[in-house]
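Colleague: Here is a sequence together with a model predicted from it:
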Amino acid sequence: MALSTNESLPGDIKTSPPEENVALKDDICPCVPGRTKTSTGRVLTAEEADRLGGERALVSDFKLMKLEKEAQKNWDLFYKRNTTNFFKDRHWTTREFEELKACREFESQRLVLLEAGCGVGNCIFPLLEDDLNIFVYACDFSPRAVEFVKQNPLYCPERCCAFQCDLTKDDMRENVPEGSVDVVTLIFVLSAIHPDKMKLALQNISRVLKPGGIVLFRDYGLHDHAMLRFKAGSKLGENFYVRQDGTRSYFFSKEFLAELFADTGLQPVSNDYVLRETVNKKEGLCVPRVFLQSKFTKPSQSQSS
């Protein structure tokens, strides 16, 4: 279920899905010129505000329930169509999230990482190559994605444990010891979960996170260009949309995210929008991108008592 690429632009998708699916290709490397980190979100143009303001009709309750019931099947079909070729590897995570290096007490300490929503391993394999003192638990909603991870030549059971998991209902502790994880990466994953179930996913993750451990979050921000591209009939709820292949995407405000993590007992370290523009020279487009990049920590026992 993880969504990941580097510099993919609208119109660059080899599989030529409908324009709403462009959102899947938009995990853009944050370490690029023109990137702005800000505590305030993107201000809509008058035309964009009118467009979103006029978008009031939601899909039927029947379709909502059907999409929820078939969520795993839709992601499995996505990976069946695209295998390991859709996303590019993330080589920017250690540059952007210094905790992947700095949270060790000593240099040779083994770091235990949980990649929640690992997809086909576009984040974990660059990390395993870059850092020999790391062990990764990797889970995904899609059984097919997990099999692709296990088939990767870099997959080694001594350094990585991949398993299928529905973050909203499967107890993470069946595969990961309670309180054993130093860092959780939650990158372009929570947006694919129904907003009513996001808290369940965070509670599940929190159980395996050590006191003092950290969650590294990056996902779609409110008023991102991908949100503005959805056509009529795609809206499931406030800031929540469905693509034509049945996969879904939520667009986060920093206030919503802060409240969500606070309700789970996780404390904010940072919580900012990342604003930038993506230029597609082929189509002559310059589009505004909005991501939310945040860090939350699990209080130590002394802090929580």
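Modeller: Yep, it's here.

Colleague: any idea how far residue 231 lies from residue 242?
Modeller: In this view, residue 231 and residue 242 are 11 Å apart by Cβ to Cβ, to the nearest Å. Placement of C-beta: from N, CA and C, glycine included.

Colleague: Compare neighbour counts for those two and give me the winner.
Modeller: Neighbour tally, residue 231 and residue 242, criterion other Cβ atoms under 10 Å: the higher count belongs to residue 242, 20 against 12.

Colleague: backbone phi and psi for that one, please?
Modeller: Backbone geometry at residue 242, expressed as degrees, to the nearest 10, gives phi -120, psi 140.

Colleague: My guess is it contacts residue 59. True?
Modeller: Yes - at 7.0 Å, residue 242 counts as touching residue 59 under the criterion of Cβ atoms under 8 Å.

Colleague: list residues touching both of these two?
Modeller: The overlap between the contact sets of residue 242 and residue 59 (Cβ atoms under 8 Å, 6 or more residues apart in numbering) consists of 67, 234, 236.

Colleague: Give me the nearest residue to residue 267, chain neighbours excluded.
Modeller: residue 297 (5.4 Å; Cβ to Cβ, 6 or more residues apart in numbering).

Colleague: State the number of residues packed around that neighbour.
Modeller: 18.

Colleague: give the contact list for it.
Modeller: So residue 297 contacts 212-215, 266-267, 269 (Cβ under 8 Å, 6+ apart).

Colleague: Restricted to strands, list those.
Modeller: In strands, defined here by DSSP state E, the members of the contacts of residue 297 are 212-215, 267, 269.

Colleague: Closest one to residue 38 out of these, please.
Modeller: For the ones in strands among the contacts of residue 297, the closest approach to residue 38 (Cβ to Cβ) belongs to residue 269, at 16.8 Å.

Colleague: tally of neighbours for that closest one?
Modeller: Per other Cβ under 10 Å, the neighbour tally for residue 269 reads 13.

Colleague: and the gap between it and residue 128?
Modeller: Going from residue 269 to residue 128 by Cβ to Cβ gives 25 Å.

Colleague: and what of residue 81?
Modeller: From residue 81 over to residue 128 the distance is 26 Å, taken as Cβ to Cβ.

Colleague: before we move on, the earlier item: now which of the ones in strands among the contacts of residue 297 would you call buried?
Modeller: Of the members of these, the ones counted as buried by neighbours, 16 or more other Cβ atoms under 10 Å, are 213-215.

Colleague: any idea how far residue 282 is from the closest residue to residue 121 other than its chain neighbours?
Modeller: Spatial nearest neighbour of residue 121, excluding adjacent residues (Cβ to Cβ, 6+ apart): residue 149 at 4.5 Å. According to Cβ to Cβ, residue 149 stands 32 Å off from residue 282.

Colleague: go on, residue 249?
Modeller: Separation of residue 249 from residue 282 (Cβ to Cβ): 24 Å.

Colleague: Name the residue in these two with the higher neighbour count.
Modeller: Per other Cβ under 10 Å, whichever of residue 249 and residue 282 has more neighbours is residue 249, with 26 against 10.

Colleague: Tell me where the stretch 151-300 of the chain has helices.
Modeller: Assigned by DSSP state H, counting those that start in this stretch, the stretch 151-300 of the chain shows helices spanning 198-208, 225-228, 254-263.

Colleague: is it possible to export those helices to CSV including mean pLDDT and mean neighbour count?
Modeller: Listed next are the helices of the stretch 151-300 of the chain as CSV, based on pLDDT from 0 to 100; neighbours: other Cβ atoms under 10 Å:
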stretch, mean pLDDT, mean neighbour count
helix 198-208, 97, 20
helix 225-228, 89, 21
helix 254-263, 97, 16
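
Colleague: With distance to residue 164 added, can I get the ones you listed in JSON lines?
Modeller: Formatted as JSON lines, the helices of the stretch 151-300 of the chain follow (distance: least, Cβ to Cβ, whole Å):
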{"stretch": "helix 198-208", "distance to residue 164": "14"}
{"stretch": "helix 225-228", "distance to residue 164": "27"}
{"stretch": "helix 254-263", "distance to residue 164": "24"}
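
Colleague: quick one: low-confidence parts of this structure?
Modeller: Residues of the chain meeting the criterion pLDDT under 70: 1-35, 39, 54-56, 78-79, 82-99, 101-108, 301-305.
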